[in-house]
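Visitor: Next come a sequence and a model predicted from it.
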Amino acid sequence: MFRIATRFFQGRTRCWMAVTFIVAGAFMTDASAHHVVRRTAHPHVTLAAKRPVRRPAAKPLRAHRRSRVAKRRAAHARHVYARRRHRPRVAGPHLLARCGYSRRAVLRLHSHAAYVLDVRTGNALIAHHAHAVRPIASISKLMTALVARRTHRPLDGILRVTTRDRDTIKFTGSRLSVGSRLSRRDMYHIALMSSENRAASALSRDYPGGQPAFVAAMNAKARALGMSHTHFREPTGLSPHNVSTAADLARLVAAAARDPLIRRFSTDKSYIAHPGHGALLYVNSDPVIRFDHWPVVLQKTGFINEAGHGVVMRVLVGGRPETVVLLGSPTGRDTVLDAIRIHRWLTCSLT
């Protein structure tokens with residue numbers, strides 16, 4: 001009986017297993033057919049129906065942006081190139097290596113700052129520390145003469161030296177004693193040629209509003225000339241707070257060179273003044289002028305301890321006007337040697 005029951009249940013189990021296999025096979029067939037239908041109806045759906053659709057990668061977008069930026073830059077470059085092609089070119093002069101000029105030769109100059117400007121083209125032939133702000137000493141007197149000339153006072157008018165013209169900054173002396181009387185013409189002459197401090201001070205006091213108004217007019221004139229790094233504290237240059245740059249001083253030279261009186265007085269070799277107590281012989285403070293090395297249209301020297309030795313000049317090289325600015329030499333002789341060397345480069349290169 002036990003064997004009969006066992007065989008019955010074994011047969012029944014096999015029957016259920018067969019039924020199970022049949023049902024499972026039918027289900028898988030139906031699912032496969034359904035999946036085929038979904039793929040046919042929706043070709044973009046992957047095998048995993050629940051997997052999210054992938055978005056386009058970010059790299060192609062960045063590449064697209066780069067291509068747009070590249071196109072804009074290329075268009076801008078073409079525009080700039082077209083403008084440069086149609087821009088008139090000025091053939092400016094330049095210094096030649098065969099004449100001894102080189103960047104290393106400029107570094108061997110004694111002057112802390114050197115600036116050479118070709119006046120006709122506006123090209124800087126030498127620009128060494130040209131925008132360094134430093135004291136300019138008596139080169140300030142070029143601006144003093146320029147501002148004083150704007151008053152159009154008669155040159156024959158008499159000015160008197162007073163105690164207010166004494167140097168209270170460096171406590172230097174002067175050959176013009178208190179009480180000396182000179183014409184405005186003579187004051188201009190010795191202030192520009194020999195850098196007479198009391199003459200420059202007397203001219204500033206003669207300005208409407210006195211010396212404070214005169215110094216304000218000096219700074220206003222500097223701004224009008226585009227001398228953005230220039231400032232004046234007083235009219236003689238004795239103050240180390242009278243500062244400028246070599247490039248700014250080239251603008252001052254250009255403005256002063258338009259005045260024939262400033263040109264003539266600054267380049268005169270000597271002059272005898274009569275201040276009321278005898279005759280005083282004045283000579284030019286620039287050795288280049290005294291020894292007549294080359295044609296100089298305008299010049300002004302300057303020295304105080306804080307500034308060192310300096311000079312500005314408008315020289316003619318083969319009839320071509322050139323502006324030379326030298327600042328911060330240790331000695332006056334070094335300034336002259338630098339000027340001679342630069343003039344040699346100019347003469348060889350431009351003539």
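Guide: That came through fine. Numbers count the residues shown, from 1 in each chain.
Visitor: alpha carbons only for contacts and neighbour counts from here, please
Guide: OK.
Visitor: Going by residue numbers, what spans are helices in the chain?
Guide: Along the chain, the segments classed as helices by DSSP state H run 2-41, 58-86, 103-107, 140-149, 184-193, 197-205, 210-224, 246-256, 260-266, 287-290, 332-350.
Visitor: what separates residue 338 from residue 296, distance-wise?
Guide: Note on residue 338: its distance to residue 296, by Cα to Cα, to the nearest Å, is 16 Å.
Visitor: scratch that, residue 262 is what I was asking about
Guide: 13 Å.
Visitor: now swap in residue 314 and tell me
Guide: On the measure of Cα to Cα, residue 314 and residue 296 end up 6 Å apart.
Visitor: So between the two, which is more surrounded?
Guide: Taking other Cα atoms under 10 Å, residue 314 and residue 296 do not tie; residue 314 has more neighbours (24 against 20).
Visitor: Which residue is the nearest non-sequential neighbour of the more buried one?
Guide: residue 323 (4.5 Å; Cα to Cα, 6 or more residues apart in numbering).
Visitor: May I have the beta-bridge partners of the one you found?
Guide: In this entry, residue 323 is beta-bridged to residue 117, residue 314, by DSSP bridges.
Visitor: List the contacts of residue 133.
Guide: Residues near residue 133 by Cα atoms under 8 Å, 6 or more residues apart in numbering: 229, 230, 243, 244, 245.
Visitor: show me what contacts the residue nearest to residue 199 when sequence neighbours are not counted?
Guide: Leaving aside its sequence neighbours, residue 199 sits nearest to residue 187 (Cα to Cα, 6+ apart; 5.0 Å). When contacts are counted by Cα under 8 Å, 6+ apart, residue 187 touches 199, 200, 202, 203.
Visitor: Then residue 279?
Guide: 272, 273.
Visitor: Equivalent analysis for the one 3 residues further on, please.
Guide: Contacts for residue 282 (Cα under 8 Å, 6+ apart) come out as 190, 194, 270, 271, 272, 273.
Visitor: so residue 241 sits right up against residue 230, yeah?
Guide: No. Assessed by Cα atoms under 8 Å, residue 241 is found out of contact with residue 230, at 9.8 Å.
Visitor: okay, the two: which has more neighbours?
Guide: Taking other Cα under 10 Å, residue 241 and residue 230 do not tie; residue 230 has more neighbours (21 against 17).
Visitor: how close does that one sit to residue 98?
Guide: 36 Å.
Visitor: For the stretch 1-150 of the chain, give me the ranges with low pLDDT.
Guide: The model of the stretch 1-150 of the chain has pLDDT under 70 over residues 1-66, 80-91.
Visitor: Leaving out sequence neighbours, find the closest residue to the residue nearest the centre of the chain.
Guide: Centroid-nearest residue in the chain: residue 131, 5.7 Å away (criterion: Cα atoms, centre = their mean). In this structure, residue 131 finds its nearest non-sequential neighbour in residue 245, 5.2 Å apart by Cα to Cα, 6+ apart.
Visitor: how about the nearest residue to residue 303, chain neighbours excluded?
Guide: Closest to residue 303 by Cα to Cα, 6+ apart is residue 309, at 4.7 Å.
Visitor: That neighbour: how many residues sit nearby?
Guide: Neighbour tally, residue 309, other Cα under 10 Å: 26.
Visitor: Any idea what it is bridged to?
Guide: Residues in beta-bridge contact with residue 309 (DSSP bridges): residue 303, residue 329.
Visitor: is it true that it touches residue 285?
Guide: No. Contact criterion Cα under 8 Å: residue 309 and residue 285 do not qualify, at 11.5 Å.
Visitor: any residues in contact with both of these two?
Guide: Common neighbours of residue 309 and residue 285 (Cα under 8 Å, 6+ apart) are residue 301.
Visitor: how about residue 209, phi and psi?
Guide: Residue 209 has phi and psi values of phi 100, psi 0 when expressed as degrees, to the nearest 10.
Visitor: Distance check, it against residue 160.
Guide: Residue 209 is 17 Å from residue 160, by Cα to Cα.
Visitor: Could you do residue 175 as well?
Guide: 14 Å.
Visitor: burial count for residue 256?
Guide: Neighbours of residue 256 using other Cα under 10 Å come to 20.
Visitor: Burial check on residue 200, number of neighbours?
Guide: Every residue meeting other Cα under 10 Å relative to residue 200 is counted, giving 28.
Visitor: and it, what does it touch?
Guide: 141, 144, 145, 187, 188, 191, 235, 236.
Visitor: ok, the nearest residue to residue 251 once chain neighbours are set aside - contacts?
Guide: Among residues not flanking residue 251 along the chain, residue 225 sits closest, at 6.7 Å (Cα to Cα, 6+ apart). By Cα under 8 Å, 6+ apart, residue 225 lies in contact with 251, 252, 255.
Visitor: Also residue 188?
Guide: Contacts of residue 188 (Cα under 8 Å, 6+ apart): 145, 199, 200, 203, 262, 265.
Visitor: cutoff 7 Å now
Guide: Neighbouring residues of residue 188 by Cα atoms under 7 Å, 6 or more residues apart in numbering: residue 145.
Visitor: do residue 233 as well
Guide: 215, 239, 241, 242.
Visitor: Show only the entries of those residues found in strands.
Guide: Within these, no residue falls in strands by DSSP state E.
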